[in-house]
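1. The following block contains a protein sequence and its predicted model.
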Amino acid sequence: MVSDMIKRPEYAEFLNELKERIRIAQTKAVLTINKELISLYWDIGKRIVESQKEMGWGKSVVEQLAFDLRREFPDVKGFSTRNLWDMRRFYLAYKDDPNLRQVVAEIPWGHNLAIINKVKDLSQRQWYAHQTVQNGWSRNVLVHQIESDLYGRQAVAVKTTNFPQTLPSPQSELVEQTIKDPYIFDFITIEKDAKERDLEKALIEKLRDFLLELGMGFAFMGSQYHLDVEDKDFYIDLLFYHHRLRCLVAIDLKMAEFIPEYAGKMNFYLSALDDMVRHPDDQPSVGIILCKTKKGLIAEYSLRDMSKPIGVSEYKLTPKLPKELSGQLPNPRQLAGLLKEVESEQENGKGKEMREV
């Protein structure tokens with residue numbers, strides 16, 4: 001029987017403190033194990049390279065090594081021929097850059113292979129490794145970010161903002177690093193003649209994917225967020241709070257090319273948010289105008305003398321197929337079956353043309 005003394009709030013606080021301590025210890029244990037594994041794979045890759053050079057061994061030594069290691073350690077995974085070759089590539093990729101080696105030691109082996117296989121530039125590899133550690137990306141998320149060229153859209157893209165003029169440093173740099181251009185909304189499909197509300201609805205329905213594209217730290221506060229200014233109703237398309245930047249982020253969606261009037265409207269929204277919604281401890285609210293297209297100089301002039309921090313980015317969508325075509329193309333199951341038939345015909349030396357679905 002639990003005594004009344006233990007039921008006190010102090011015990012709940014005590015229990016939560018211990019739970020958090022245990023979780024931290026578990027996380028550190030996982031990271032320690034991963035570092036040891038990466039270090040082991042590095043050493044194996046290094047010894048393979050050195051031994052091949054010193055002894056003049058060819059490719060066959062890797063196959064023999066894989067066979068002997070699996071026989072000696074039957075319960076240990078990771079000693080396949082393919083993985084040993086990957087260890088060799090891993091060592092060769094980072095042997096001349098000790099700083100990068102320290103970064104990649106922080107992420108799992110599968111993540112490292114994804115970066116090596118899909119990213120050739122060392123500075124980009126380092127950036128994706130840092131982002132993986134910072135954001136806690138799974139391997140699938142990492143692959144998606146690489147394939148959508150997140151580095152190009154976020155790290156090196158020339159962005160249209162007035163953040164340096166409207167925000168103090170380092171807040172301006174942090175906000176600048178957060179936004180992308182363009183944003184990729186390939187997880188939704190909408191009609192060609194869709195309106196802003198259709199885009200908003202589609203993004204809300206896929207909120208988890210939308211938050212992933214926005215980046216780490218965004219918390220959704222609402223769509224068509226209501227502002228009452230002198231008994232008049234105004235609505236912000238999407239409102240978020242960014243936990244790392246400690247600020248409100250208003251997003252205005254436009255299914256057309258950017259025009260200067262959009263900047264004035266966003267400036268008004270941000271002024272109202274700062275006066276009516278922003279907590280005194282928060283940083284100034286930030287606005288992002290997402291447009292179908294933009295002309296750089298027009299957007300730059302529109303933001304130049306605005307008092308509030310605003311960025312303008314494009315977005316890309318996956319349009320729906322026209323109705324007259326949607327029923328005439330093969331679905332994924334038909335396509336998979338068709339590919340199997342083609343592969344079978346090629347293996348048998350039959351058929352040089354793909355059959356119609």
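-> Here it is on my side, so go on.
2. Going by neighbour count, which residues of stretch 162-176 are buried?
-> Buried residues in stretch 162-176, counted by 16 or more other CB atoms under 10 Å: N162, F163, T166, L167, Q171, S172, L174, V175, E176. For the C-beta atoms, the positions are set from N, CA and C on the backbone; glycine is no exception.
3. Please disregard the earlier target; I meant stretch 145-163.
-> 145-146, 148-151, 153-154, 157, 159-163.
4. same question, stretch 50-65
-> V62, L65.
5. Figure out how far that stretch is from the centre of its chain.
-> 39 Å (CA atoms, centre = their mean, to the nearest Å).
6. pretty sure L167 contacts L245?
-> No: proximity of L167 to L245 does not meet the contact threshold set by CB atoms under 8 Å, at 9.8 Å.
7. how near is N83 to L69?
-> Between N83 and L69 the distance is 10 Å, computed by CB to CB, to the nearest Å.
8. Out of the buried residues of stretch 145-163, which sit inside strands?
-> T160, T161 (DSSP state E).
9. who touches both of L167 and L245?
-> Shared contacts of L167 and L245, defined by CB atoms under 8 Å, 6 or more residues apart in numbering, are found at V175, Q283, V286.
10. nearest to G215, of the residues you listed?
-> V175 (11.4 Å; CB to CB).
11. possible to save the buried residues of stretch 162-176 as JSON lines with pLDDT and distance to K118?
-> Output for those, formatted as JSON lines (pLDDT from 0 to 100; distance: CB to CB, whole Å):
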{"residue": "N162", "pLDDT": "95", "distance to K118": "34"}
{"residue": "F163", "pLDDT": "95", "distance to K118": "31"}
{"residue": "T166", "pLDDT": "95", "distance to K118": "37"}
{"residue": "L167", "pLDDT": "95", "distance to K118": "34"}
{"residue": "Q171", "pLDDT": "93", "distance to K118": "33"}
{"residue": "S172", "pLDDT": "94", "distance to K118": "32"}
{"residue": "L174", "pLDDT": "92", "distance to K118": "27"}
{"residue": "V175", "pLDDT": "94", "distance to K118": "28"}
{"residue": "E176", "pLDDT": "94", "distance to K118": "26"}
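12. Nearest to F73 among the residues you listed?
-> L174 (46.3 Å).
13. mind listing what that closest one touches?
-> Counted by CB under 8 Å, 6+ apart, L174 has contacts R244, L245.
14. can you pull the pLDDT of L37?
-> Note for L37: predicted pLDDT of 88.
15. meant to ask about R355
-> Value for R355, per-residue pLDDT: 36.
16. Next, L290: secondary structure please.
-> Following DSSP: H, G, I helix; E, B strand; the rest coil, L290 is assigned to strand.
17. between the buried residues of stretch 162-176, which is nearest G136?
-> L174 (18.6 Å).
18. mind checking which helix or strand the residue nearest to S80 when sequence neighbours are not counted is in?
-> Once flanking residues are discounted, S80 sits nearest to A66: 5.9 Å by CB to CB, 6 or more residues apart in numbering. Using DSSP states H and E, A66 falls within helix 60-72.
19. returning to that earlier point: the buried residues of stretch 145-163: which two are farthest apart?
-> Going by CB to CB, the pair spanning the buried residues of stretch 145-163 furthest: I146 and N162, at 30.3 Å.
20. Now the residue lying closest to N162 once chain neighbours are set aside: which helix or strand?
-> Nearest residue to N162, sequence neighbours excluded (CB to CB, 6+ apart): L303, at 4.1 Å. Assessed by DSSP H and E, L303 sits inside helix 296-304.
21. Which other helices and strands does that helix contact?
-> Counting by 3 or more CB pairs under 8 Å, 6 or more residues apart in numbering; DSSP states H and E, the packing neighbours recorded for helix 296-304 are strand 160-161, helix 260-276, strand 310-319.
22. mind running it again at 6 Å?
-> Counting contacts by 3 or more CB pairs under 6 Å, 6 or more residues apart in numbering; DSSP states H and E, helix 296-304 packs against helix 260-276.
23. Tell me which residues of the helix it packs on come out buried.
-> Per 16+ other CB under 10 Å, helix 260-276 contains these buried residues: Y262, A263, M266, N267, Y269, L270, A272, L273, D274.
24. the domain parsing of the protein - what is it?
-> 20-153, 159-319 (automatic domain parsing).
25. can you give me the strands for the stretch 151-300 of the chain?
-> Counting by DSSP state E, counting those that start in this stretch, the stretch 151-300 of the chain has strands at residues 160-161, 183-190, 218-229, 232-242, 247-253, 286-291.
26. can you list contacts of the fifth one?
-> For strand 247-253, the surrounding residues in contact (CB atoms under 6 Å, 6 or more residues apart in numbering) are 196, 199-200, 236-242, 266, 269, 273, 278, 282-283, 285-290.
27. Lowest mean pLDDT among the helices and strands, pick that one out for the protein.
-> helix 323-326 (a mean of 48; mean pLDDT, DSSP states H and E).
28. What separation do you get for A114 and F79?
-> Taken as CB to CB, the span from A114 to F79 is 20 Å.
29. These two - which one has more neighbours?
-> A114 (22 against 19; other CB atoms under 10 Å).
30. quick one: contacts for the more buried one?
-> R139, L142, V143.
31. Tabulate these in JSON lines, adding columns for pLDDT and distance to Q124.
-> Below are those laid out as JSON lines (pLDDT from 0 to 100; distance: CB to CB, whole Å):
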{"residue": "R139", "pLDDT": "89", "distance to Q124": "17"}
{"residue": "L142", "pLDDT": "93", "distance to Q124": "13"}
{"residue": "V143", "pLDDT": "94", "distance to Q124": "14"}
